[in-house]
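**Q** Generate coordinates for the sequence data below:
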Amino acid sequence: MPNSQIRIYTQKEQGEEWLRRHRGCLPVFACVLGFTETGLIPGISAAGRTPEDRKYTACADAEFLYYGPEHKAQYPLPPLAAGASPVLISRAVFESLKIPVHLFNAGLPQPPAVPVIDLGGTPAKCLSGGTAMEITTVHHLFEQGLLWGERLAANIQQGYLIIGECVVGGTTTALAILTGLGIDAAGKVNSSHPVCNHAQKWALVQAGLEKMRRSRGQGAGGKEQGEKNFQSRIQNSVDPLKLVAAVGDPMQVVVAGMAIAASRNCGVMLAGGTQMLAVYALISAIAQAYALSWQPEAVVVGTTRWVAEDPTGATVDLALSLGKGSLTQSGGTPPLLATHLSFADSRYPQLRAYEQGFVKEGMGAGAACIAAHLSQDWQQHELLAAIEAQLERLSTAFH
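**A** You can find the predicted model right below:
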């Protein structure tokens with residue numbers, strides 16, 4: 001009997017089977033931290049009030065997830081326009097359930113003040129330039145993802161691997177990857193804003209993809225071959241790793257590698273909304289382009305209700321469109337699951353802000369709640385109490 005606290009939006013049978021298989025199991029959590037200079041553009045993200053704040057969001061979230069509210073942070077949680085960081089949700093669950101946490105630095109501007117596994121990546125440049133990362137870096141990060149996915153899965157007998165992320169500006173790089181893979185994603189992605197800034201994201205993505213096409217076009221007989229068959233040629237021959245190098249961020253390719261390798265041995269939950277749907281599309285495309293084996297039925301996407309039901313995005317529609325793309329068919333449509341966690345009755349205005357559409361998700365928050373439902377049968381009141389206790393401890397820690 002499916003847990004009433006978890007809703008399945010796509011691939012219901014496959015999703016129910018996945019939940020049945022992992023009921024009563026504890027997961028291992030891997031969180032991949034990355035950075036794109038896209039996140040510094042004014043207004044692009046609400047994950048940190050100013051561009052300067054947003055430089056440190058991933059470091060702050062990692063530190064809080066690892067040490068909790070009583071630790072005097074080198075990078076304190078950044079002020080948000082409204083709401084509270086979703087890391088409060090993840091920390092509440094992982095601390096209560098004693099879930100092991102592994103943090104990976106895929107490419108941050110500065111090293112976080114926590115024990116992390118450094119993957120030797122670099123922050124991405126703004127995707128609008130069409131040269132976000134060196135292709136050698138992308139290949140290296142993908143190999144690291146495969147390696148760590150295999151390593152983590154080798155120690156998981158009955159459980160499953162949750163892979164989360166923190167990349168400020170990551171829904172914009174997600175839109176770029178999805179669009180580059182031929183998925184109709186414009187107007188469907190989410191953001192940390194109450195009303196998604198679709199036009200701003202789309203303008204950046206179009207600029208980046210156009211520059212990428214132009215740099216390729218020159219090598220393929222120049223522009224005179226006609227713009228009209230450009231689109232079709234790129235999409236039929238796109239190398240997904242080159243696409244990441246052009247318009248992606250360092251987290252995407254690490255998580256793709258991790259999930260491909262881990263799926264061969266255990267269940268995988270990609271923790272997030274738009275960003276993980278883009279990673280799922282990337283996994284399908286990479287597996288297809290490079291003939292890599294993976295187990296699509298082992299992989300689900302887990303998020304929050306605020307993402308799945310975001311009226312200013314179209315997450316479910318986006319998930320369904322992954323099965324239709326010629327480059328992403330191999331994985332089909334993933335099961336999209338969400339926790340039914342609500343903050344409507346919270347005594348904290350920072351949490352109630354989620355119900356107004358602020359923040360929504362991050363740091364594996366939705367997947368953490370799904371894990372609590374699955375392993376301990378936690379209900380709404382238990383989740384809310386644990387999350388409010390984190391906020392309470394944070395607000396009294398240094399006063």
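**Q** In contact with residue 388, which residues are there?
**A** Taking CB atoms under 8 Å, 6 or more residues apart in numbering as the contact definition, residue 388 lies against 346, 347, 348, 351. Where C-beta positions appear, they are placed from N, C-alpha and C, glycine not excepted.
**Q** Can you report how many residues neighbour the second one?
**A** Put plainly, it is residue 347. Residue 347 has 11 neighbours, counted by other CB atoms under 10 Å.
**Q** on that earlier part again, between the contacts of residue 388, identify the one with the most neighbours.
**A** Within the contacts of residue 388, neighbour counts (other CB under 10 Å) peak at residue 351, which reaches 22 neighbours.
**Q** Looking at the contacts of residue 388, which is nearest residue 159?
**A** Comparing the contacts of residue 388 against residue 159 with CB to CB places residue 351 closest, at 28.7 Å.
**Q** Was I right to think the closest one contacts residue 391?
**A** Yes. In this structure residue 351 lies within contact range of residue 391 using CB atoms under 8 Å: 7.0 Å.
**Q** Spit out the residues that contact the two alike.
**A** Between them, residue 351 and residue 391 share these contacting residues under CB under 8 Å, 6+ apart: residue 84.
**Q** State the three-state secondary structure for residue 164.
**A** Following DSSP: H, G, I helix; E, B strand; the rest coil, the label given to residue 164 is strand.
**Q** Please look at it and residue 269 and confirm they touch.
**A** No. Judged on CB under 8 Å, residue 164 makes no contact with residue 269 at a distance of 9.1 Å.
**Q** Where does pLDDT dip in the stretch 251-399 of the chain?
**A** Applying pLDDT under 70 to the stretch 251-399 of the chain picks out residues 399.
**Q** quick one, strands of it?
**A** 267-271, 299-304, 336-339 (DSSP state E, counting those that start in this stretch).
**Q** cool, and the stretch 51-200 of the chain?
**A** Counting by DSSP E, counting those that start in this stretch, the strands of the stretch 51-200 of the chain are 101-107, 117-118, 160-166.
**Q** angle of the last one against strand 299-304?
**A** Strand 160-166 and strand 299-304 are oriented at 50 degrees to each other (axes from the mean of the first three to the mean of the last three CA atoms, to 10 degrees).
**Q** what sits up against strand 160-166?
**A** Contact with strand 160-166 is made by 22, 25, 27-34, 57-58, 61-62, 90, 149, 152-153, 251, 255, 258-259, 262, 266-272, 275-276, 302, 362-364, 367-368, 371, as judged by CB under 8 Å, 6+ apart.
**Q** distance between that strand and the chain's centre?
**A** 8 Å (CA atoms, centre = their mean, to the nearest Å).
**Q** Which strands border that strand, and is each parallel or antiparallel?
**A** Here strand 160-166 is paired, per DSSP bridges, with strand 28-34 (parallel), strand 267-271 (parallel).
**Q** Deepest in the core, which of those strands is it.
**A** Neighbour counts (mean count of other CB atoms under 10 Å) averaged over each of the strands paired with strand 160-166 peak at strand 267-271, with a mean of 30.
**Q** if we can go back for a sec, just give me the residues shared between the contact sets of residue 164 and residue 269.
**A** Contacts common to residue 164 and residue 269, judged by CB under 8 Å, 6+ apart, are residue 367.
**Q** tell me the contacts of residue 303?
**A** 271, 272, 273, 276, 315, 336, 337, 338, 339, 361, 366, 367.
**Q** Of all the strands paired with strand 160-166, which one comes closest to residue 50?
**A** Residue 50 sits nearest to strand 28-34 of all the strands paired with strand 160-166, at 19.7 Å, using CB to CB.
**Q** Figure out how far the closest one is from the centre of its chain.
**A** From the chain centre to the centre of strand 28-34 is a distance of 10 Å (CA atoms, centre = their mean).
**Q** Taking strand 101-107 as reference, get the angle to that strand.
**A** With the same axes, to 10 degrees applied, the angle from strand 28-34 to strand 101-107 works out at 20 degrees.
**Q** Just the C-alphas of strand 28-34, formatted as CSV.
**A** The C-alpha trace of strand 28-34 is given here as CSV (Å, rounded to 0.1, in the frame of the first residue of the first chain):
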residue,chain,number,x,y,z
VAL,A,28,23.1,6.7,1.8
PHE,A,29,23.2,10.4,0.9
ALA,A,30,25.7,11.9,-1.6
CYS,A,31,25.5,15.6,-2.2
VAL,A,32,27.3,17.2,-5.1
LEU,A,33,28.2,20.8,-4.8
GLY,A,34,28.9,22.9,-7.8
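**Q** close enough to count as contact, residue 194 and residue 357?
**A** Yes. In this structure, residue 194 is within contact of residue 357 by CB under 8 Å, at 3.5 Å.
**Q** Between these two, which contacts overlap?
**A** Counting by CB under 8 Å, 6+ apart, the shared contacts of residue 194 and residue 357 are residue 312.
**Q** Output the strands of the stretch 251-399 of the chain in a markdown table, with distance to residue 50 appended to each entry.
**A** A markdown table is the format used below for the strands of the stretch 251-399 of the chain (distance: least, CB to CB, whole Å):
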| stretch | distance to residue 50 |
| --- | --- |
| strand 267-271 | 27 |
| strand 299-304 | 25 |
| strand 336-339 | 30 |
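**Q** and residue 72, which of those is closest to it?
**A** Of the strands of the stretch 251-399 of the chain, nearest to residue 72 by CB to CB is strand 267-271, at 27.6 Å.
**Q** I appreciate the help and will end here.
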